[in-house]
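J.: sequence-free structure coming up:
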């Protein structure tokens with residue numbers, strides 16, 4: 001059985017995410033090792049590491065399918081660029097529109113991009129996720145986040 005490979009763009013993005021998460025974790029532990037400082041950073045770093053290992057393992061153990069034409073590689077690159085552009089727009093909208101509305105729209109579009117079907121399920125999922133995220137971050141951090149609705 002021949003196993004799969006990770007595309008160069010996905011490997012680069014995965015490496016970049018791991019490097020940034022590692023730097024943030026290192027920076028947080030250098031600043032202070034108190035529980036208050038690491039309550040979000042340490043679990044997030046562990047989750048990012050485990051997810052990265054899972055993604056790489058799944059991609060490497062997946063059987064190789066028939067070779068695809070070069071247009072499929074181009075569509076993969078364009079979907080990666082579209083996703084990164086959406087994330088950049090989300091980051092811009094966090095302070096200009098509000099944390100709640102930006103998160104709601106980003107999650108809704110993300111669910112649709114990942115193949116979410118139905119008329120009411122994607123916006124309902126985005127709404128529930130947004131409420132839990134905004135209320136959860138609001139209770140964890142004393143920093144006031146700009147919100148429009150919540």
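T.: Done, it's in. Since the structure is predicted, the reported quantities are computational estimates derived from the model, not experimental observations. Residues are numbered from 1 along each chain as shown.

J.: contacts and neighbour counts: CA atoms only from here.
T.: Fine.

J.: and the gap between the residue nearest the centre of the chain and residue 110?
T.: Against the mean C-alpha coordinate of the chain, by C-alpha atoms, centre = their mean, the closest residue is residue 87 at 8.5 Å. From residue 87 across to residue 110, the span is 10 Å (C-alpha to C-alpha, to the nearest Å).

J.: swap in residue 143?
T.: Separation of residue 143 from residue 110 (C-alpha to C-alpha) stands at 27 Å.

J.: again, but for residue 25
T.: With distances taken as C-alpha to C-alpha, residue 25 is found 27 Å from residue 110.

J.: and those two? which has more neighbours close in?
T.: Using other C-alpha atoms under 10 Å as the criterion, residue 25 and residue 110 rank with residue 25 on top: 20 against 17.

J.: wait, what's in contact with the more buried one?
T.: Taking C-alpha atoms under 8 Å, 6 or more residues apart in numbering, we find residue 25 in contact with 41, 42, 45.

J.: out of those, the closest to residue 53 would be?
T.: Checking the contacts of residue 25 against residue 53 by C-alpha to C-alpha gives residue 45 as the nearest, at 12.3 Å.

J.: helices and strands around the strand or helix carrying the closest one, which ones?
T.: Using DSSP states H and E, residue 45 falls within helix 41-61. The contact analysis (3 or more C-alpha pairs under 8 Å, 6 or more residues apart in numbering; DSSP states H and E) places helix 41-61 against helix 8-31.

J.: what sits up against the helix or strand following the helix it packs on?
T.: Remark: after helix 8-31, the chain's next helix or strand is helix 35-38, criterion DSSP H and E. For helix 35-38, the surrounding residues in contact (C-alpha under 8 Å, 6+ apart) are 28, 29.
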